[in-house]
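Colleague: Curious how this folds, go ahead:
(chains A, B and C)
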Amino acid sequence: MGIPLLEVIDVAKIYPDTLSLLDRVAVDGINIELQTGESMGIIGQSGAGKSTLGRLLLGIEQPTRGMIRIEGKTCNGKTLRIRRELRQKIQIIWQDPVIYLNPYLTAQESVSEALEVSGVHRTIRTKKTAELFEKVYLPLSLMRRKPHELSGGQAQRVAIARALAMEPKILICDEALASLDLPIQQHIIALLMAIRQETGMSLIFISHDITPITRLCDYVAVMAEGKIVEQGVVQKVLSKPSHQITSLLISCEHRIKARQHFL
Amino acid sequence: MKIPEFRWNVLIVSGSFMLAILFMAGLTAKQISPFNPLKVDLSQRLKAPNEEFPFGTDHLGRCVFSRLVHGAKISLSASICATALSMLLGIIAGTLFGLAGPLLTAPLRGITDVALAFPGLLLALMVTGVIGPSIIAIVLGIALAGCAWWTRFIRDQILNAQTKEFVMAGRIVGVSSLRLLLRYLLPQIVPPVLIAASLRAGWGIMAISALSYLGLGVQPPSPEWGVMLQESRLYMDRAPWLMLSPGIAVTLTVLGFNLLAEGLRDAFQLKESGIF
Amino acid sequence: MIPDFVMEACNLRVITGRLNNQIVLIDDLSLFLKPGEILGLTGESGAGKSLTALAMCGLLLPPVRWLKGEINLCGKKIVPENPKAWADLRGKDIFLIFQSPASALNPNLKIGIQIREALVEVNGLSVKEADKMISRLLVGVGLSLSAGSSYPYQLSGGMRQRVLLAIAIGLKPQVVVADEPTSGLDPIHQAAILDLLKTLTKDHGSGLILISHDLRVLSRMADRIGVLHKGRLVEVNPSQDILQFPKHQQTMRLVESYNELSVNGHTFVGSN
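Modeller: Below is the predicted model:
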């Protein structure tokens, strides 16, 4: 096996609190290793540090301690401004696509802007944009719409197309389904599955909904209070949880969302 | 983020209607004024408003109406030039300060704070004092006086604009700095800048009249509103229309700008934003 | 005598826009609610779910307004011509739990004081009686007693939602309308909030209108489910029928995704 796609070694993020002098530990001692093409789900209660971990991976924030490497390249100290090369490798989609898309740009401009950044020549950008729209099953008639003229599901597809324009190796999905209707969630999951199959892209799927993780991910990590308390192959962790937080999450999920069997 | 839909309202319509009339009057001053505003006719001194002189005549027998419409041209153009100039300087400086990292924040805030503590009118006075009283001097003086305010204002707007989620998303994709500024940040600050410009233009009208009244701006015999007010001082009891006409003109213009600003604030739905 | 229905709505129509450009947001919506019953309302985003919740509590904000129909709340009739009637009923007979509990709590007042205020004003308890009840209510919803002396911003979203439930349980309204009460919460909080809502209906006999885009949640909670589509209630049936024999096309779509996305009993061996 070659260089792992993503290595997270003992990463911690501590926010100093000058008022109470008690530092807030958001993420603590995280270790993750992911090979090319493998996907990982991250579950946990709210406040467990899932989203902070995502922000650290993207370089929006810098870890207080530890090391993040993507394809062997160290990310430490590389802020958003200077990580040109790394940006191409890791992208993200969020819970609320409408507020993360530029309201002054049309869907087409948003996608073609990302193509421009990744160095696609002007002459083929329009064609490429159309291809990306097709890939995420967006009708071309929506190209000229602005984000607030799109539905939640459509906007999320634009966000995915924009991320795909960068041809990333890793796509972080931070609660990417949480604000969507159930049928739309199902479509987005199918879309992400298809993209994974086609491009071999890795997903890091942050969610407190366990069901999509069983569909999309190979591994799952359970976070609690900033630490990963359990990680392993999805089926194994979910069927034989060893940490009490995991069993609690699963049983609650089960209680809310298990299919009703009528007699 | 949703861009609020622009909603027309009564305030915008009435404000811009008032300003439109004043602008038209100023632009067509030559055509609509019955007399040359500088023509002295001592036989027609201090005539009350009548058919020949709709707003009466002043102590030198000049037509007040003609002077008023010519004054509109001077006041409006000077105020708008001054506002545009200080806005432009403010946008450039404010944007630079807003984009500069936290290192520069403290010294820059110090500079703008000191400049803001200086009364704007006093600064304008100093400029006219240095280069001598003239229309150019007051335009420059008022523009300079507004610079600190504009810089601070634009900087705050740019800082606020940068906190938006989609701006961060743009950074993650790696959009170039120029594009980030032009397509992500500046469009956000257009509505507050328009409102501020309208308010500041109103303030400019008052400042120009005040400086001219003090004899530091436009010089007699130019038909400027502040000059007219100054000249009417001595004849207040005998010819009150001399003072009333420029006074009302200044009031209406400032009111027009303020109504427009108020209307724009409602139209862009910025009332709850706490900026104004 | 126990009334058959705690709430009945007939032919509601809610519109927005000016006279010459009216847009109908909710049309011809009729439903009823029995004591102790949970009625689930679902539909796509934009189908009018939240508007229905607001209309039921008389909380529509202009330019959106209630044009036609009548609501019968615990034997009191309310018509669009007399919207002031709501003021006496809100809190006492009908209680709304919002999607974002932050906006329903006063940020400047401690939690305990807010609960006390509600109990004193609506239930007419003395301050002493109310204070006694507060600790019981807080414990009942799984909060520690110290929560009473904290401000809303010091609590997490799930905890704030519990506070609202504590108020609801204290006021014992006849009808509770809960609009996406668990959205954005993690499964552990979600399960707890849903359990509390269930307790509220089963123990106090309140009727609950539970609005959620998540059919999985409704299938576990509701006795009957109504499906909204473009402002109309296209189907209302017992939950079992909705899930097994959906009639309307929109319902079928929802049920299909429900089947796809539900936790399959076999995947999670050892849970439960």
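Colleague: where along chain A do the strands fall?
Modeller: Under the criterion DSSP state E, strands of chain A are mapped to A:6-15, A:24-34, A:40-44, A:65-70, A:73-74, A:90-93, A:170-174, A:202-206, A:219-224, A:227-233.
Colleague: Output the contacting helices and strands for the stretch of helix or strand residue C:228 belongs to.
Modeller: Using DSSP states H and E, residue C:228 maps to strand C:224-229. For strand C:224-229, the elements it packs on are strand C:38-43, helix C:215-221, strand C:232-238, helix C:239-244, helix C:249-261, judged by 3 or more C-beta pairs under 8 Å, 6 or more residues apart in numbering or on different chains; DSSP states H and E. C-beta coordinates here come from the backbone N, C-alpha and C atoms, glycine included.
Colleague: For it, which outside residues touch it?
Modeller: C:31, C:37-44, C:47-49, C:52, C:215, C:218-219, C:233-239, C:242, C:248, C:250-251, C:254 (C-beta atoms under 8 Å, 6 or more residues apart in numbering or on different chains).
Colleague: which stretches of the stretch 151-272 of chain C have low pLDDT?
Modeller: The stretch 151-272 of chain C contains residues with pLDDT under 70 at C:263-272.
Colleague: In three-state terms, how would residue C:128 be classified?
Modeller: Three-state assignment for residue C:128 (DSSP: H, G, I helix; E, B strand; the rest coil): helix.
Colleague: Now do it against residue C:119, distance only.
Modeller: Going from residue C:128 to residue C:119 by C-beta to C-beta, to the nearest Å gives 11 Å.
Colleague: ok, these two, which is more surrounded?
Modeller: residue C:119 (22 against 8; other C-beta atoms under 10 Å in any protein chain shown).
Colleague: ok, for the more buried one, nearest residue in space, not its chain neighbours?
Modeller: Distances taken as C-beta to C-beta, 6 or more residues apart in numbering or on different chains put residue C:130 closest to residue C:119, at 4.1 Å, once the chain neighbours are dropped.
Colleague: can you pull the contacts of the one you found?
Modeller: C:115-116, C:119-120, C:123.
Colleague: Could you turn the buried ones of those residues into a PyMOL selection?
Modeller: Buried residues among the contacts of residue C:130 (16 or more other C-beta atoms under 10 Å in any protein chain shown), as a PyMOL selection:
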select buried, chain C and resi 115+116+119
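Colleague: Need the contacts of residue C:130 in a markdown table (columns: pLDDT and distance to residue B:215).
Modeller: Below are these laid out as a markdown table (pLDDT from 0 to 100; distance: C-beta to C-beta, whole Å):
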| residue | pLDDT | distance to residue B:215 |
| --- | --- | --- |
| C:115 | 88 | 68 |
| C:116 | 89 | 68 |
| C:119 | 87 | 71 |
| C:120 | 87 | 68 |
| C:123 | 80 | 74 |
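Colleague: Looking at the contacts of residue C:130, which are in helices?
Modeller: Counting by DSSP state H, these place C:115-116, C:119-120, C:123 in helices.
Colleague: which of those residues lies closest to residue A:146?
Modeller: residue C:115 (43.7 Å; C-beta to C-beta).
Colleague: Output the below-cut-off pLDDT ranges for chain B.
Modeller: By pLDDT under 70, the low-scoring segments of chain B are B:1-4, B:101, B:272-276.
Colleague: Counting residues, name the longest helix you see in it.
Modeller: For chain B, the longest helix by residue count, based on DSSP H, is helix B:64-99.
Colleague: Which elements pack onto it?
Modeller: With contacts taken as 3+ C-beta pairs under 8 Å, 6+ apart, helix B:64-99 sits against helix B:10-27, helix B:29-32, helix B:102-117, helix B:135-162, helix B:186-213, helix B:225-232, helix B:241-267.
Colleague: Out of those helices, which gets nearest to residue A:211?
Modeller: Closest among the helices and strands packed on helix B:64-99, once you apply C-beta to C-beta, is helix B:135-162, at 36.5 Å.
Colleague: out of the contacts of strand C:224-229, who's near chain A?
Modeller: The subset of these within reach of chain A, by C-beta under 8 Å from any C-beta of the partner chain, is C:44, C:215, C:219, C:239, C:254.
Colleague: coming back round to it: go through the helices and strands packed on strand C:224-229 and pick out the most buried.
Modeller: Among the helices and strands packed on strand C:224-229, the stretch with the highest mean neighbour count (mean count of other C-beta atoms under 10 Å in any protein chain shown) is strand C:38-43, at a mean of 26.
Colleague: And that strand, what does it pack against?
Modeller: Strand C:38-43 makes packing contacts with helix C:49-56, helix C:187-204, strand C:207-211, helix C:215-221, strand C:224-229, helix C:249-261 when contacts are defined by 3+ C-beta pairs under 8 Å, 6+ apart.
Colleague: Need the residues that contact the helix or strand of chain A with the lowest mean pLDDT.
Modeller: Lowest by mean pLDDT, DSSP states H and E among the helices and strands of chain A is helix A:84-87, with a mean of 74. Residues outside helix A:84-87 that contact it (C-beta under 8 Å, 6+ apart): A:59, A:70, A:73, A:75, A:78, A:80, A:117, A:166, B:172-174.
Colleague: And it, what's buried?
Modeller: Across helix A:84-87, burial judged by 16+ other C-beta under 10 Å covers A:86-87.
Colleague: Then stretch C:63-71?
Modeller: Quick answer for stretch C:63-71 (16+ other C-beta under 10 Å): C:64-66, C:69-71.
Colleague: Can you get me a residue count around the closest residue to residue A:195 other than its chain neighbours?
Modeller: Spatially, and ignoring its direct neighbours in sequence, residue A:195 is nearest to residue A:201 (6.2 Å; C-beta to C-beta, 6+ apart). Counted with other C-beta under 10 Å, residues neighbouring residue A:201 total 20.
Colleague: Report all helices and strands that the longest helix seen in chain A contacts.
Modeller: Assignment by DSSP H gives helix A:182-199 as the longest helix of chain A. Packing contacts for helix A:182-199, counted by 3+ C-beta pairs under 8 Å, 6+ apart, involve helix A:152-165, helix A:211-216, helix C:249-261.
Colleague: Now the helices and strands packed on helix B:64-99 in CSV, please, with extra columns for mean neighbour count and distance to chain A.
Modeller: Below are the helices and strands packed on helix B:64-99 laid out as CSV (neighbours: other C-beta atoms under 10 Å in any protein chain shown; distance: least, C-beta to the nearest C-beta, whole Å):
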stretch, mean neighbour count, distance to chain A
helix B:10-27, 16, 22
helix B:29-32, 13, 40
helix B:102-117, 12, 13
helix B:135-162, 22, 11
helix B:186-213, 22, 4
helix B:225-232, 23, 41
helix B:241-267, 20, 17
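Colleague: now these as CSV including distance to residue A:131?
Modeller: Below are the helices and strands packed on helix B:64-99 laid out as CSV (distance: least, C-beta to C-beta, whole Å):
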stretch, distance to residue A:131
helix B:10-27, 45
helix B:29-32, 61
helix B:102-117, 41
helix B:135-162, 32
helix B:186-213, 28
helix B:225-232, 64
helix B:241-267, 40
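Colleague: Could you dump those helices into TSV and include distance to chain C?
Modeller: TSV is the format used below for those (distance: least, C-beta to the nearest C-beta, whole Å):
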stretch	distance to chain C
helix B:10-27	15
helix B:29-32	39
helix B:102-117	26
helix B:135-162	21
helix B:186-213	22
helix B:225-232	42
helix B:241-267	15
